[in-house]
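K.L.:
can't give you the sequence, but here's the structure:
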């Protein structure tokens, strides 16, 4: 990446990096970007960094927390998650039985119409059983992905992210700290 990316990365790390990604994880994902179609589950202090890293491509962010969505953000779609992390085992069992209803996120058709080059799952919050967990995000990434889509899932040191990526993706490309790079 270039000097501007590195400056933006330094600024992001100074603003907020409690339990967030490492610089190497950011650089790793950014190395796949530039002119791609890039779907990101979640927004935050790193959103400008992703927009810059993929400045010649199409970015789309899916966010469930209203305070992270700015009025001028035309590339952010508000979503609603309907799960709780505490239900991850039941949802996984349903998935294994071919029942996907509770894993589906209500999304506009535009999300399904785009062939995604890269998908990054970093939302929703999945730190407690009362939070939504990332079951729906990981499932949605798996149905939106094509055979050559690069999928990145953060926080794979946690049970849900670990179990769901192993269940829904057949190819592990790389793993850095808490970031897992997978494909169908």
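P.N.:
Cool, the structure landed. Model, not experiment: these values are computed from the prediction.
K.L.:
where exactly do the strands run in the protein?
P.N.:
Listed in chain order, the strands of the chain (DSSP state E) span 37-41, 58-63, 76-78, 118-121, 150-154, 171-176, 179-183.
K.L.:
The fifth one pairs with which strands, and in what direction?
P.N.:
Right, strand 150-154. Here strand 150-154 is paired, per DSSP bridges, with strand 118-121 (parallel), strand 179-183 (antiparallel).
K.L.:
Could you identify which of those strands is most buried?
P.N.:
strand 118-121 (a mean of 25; mean count of other Cβ atoms under 10 Å). To be clear about C-beta, it is placed using only N, CA and C from the backbone, and glycine gets the same treatment.
K.L.:
Longest helix in the protein, please.
P.N.:
What stands out as the longest helix in the chain, according to DSSP state H, is helix 3-15.
K.L.:
of all the strands paired with strand 150-154, which lies closest to residue 50?
P.N.:
Nearest to residue 50, of all the strands paired with strand 150-154, is strand 118-121, at 7.7 Å by Cβ to Cβ.
K.L.:
Could you dump the strands of the chain into a markdown table with distance to residue 88 and mean pLDDT added?
P.N.:
Conversion of these to a markdown table gives the following (distance: least, Cβ to Cβ, whole Å; pLDDT from 0 to 100):
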| stretch | distance to residue 88 | mean pLDDT |
| --- | --- | --- |
| strand 37-41 | 16 | 98 |
| strand 58-63 | 19 | 98 |
| strand 76-78 | 24 | 98 |
| strand 118-121 | 14 | 98 |
| strand 150-154 | 14 | 98 |
| strand 171-176 | 20 | 96 |
| strand 179-183 | 17 | 97 |
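K.L.:
To residue 8, which of those strands lies closest?
P.N.:
Of all those, it is strand 58-63 that lies closest to residue 8, at 14.7 Å by Cβ to Cβ.
K.L.:
Spell out which strands sit alongside that closest one in the sheet and which way each one runs.
P.N.:
According to DSSP bridges, strand 58-63 has these partners: strand 37-41 (parallel), strand 76-78 (parallel).
K.L.:
Wait, residue 64 touches residue 131, no?
P.N.:
No: with contact defined as Cβ atoms under 8 Å, residue 64 does not reach residue 131; the gap is 10.4 Å.
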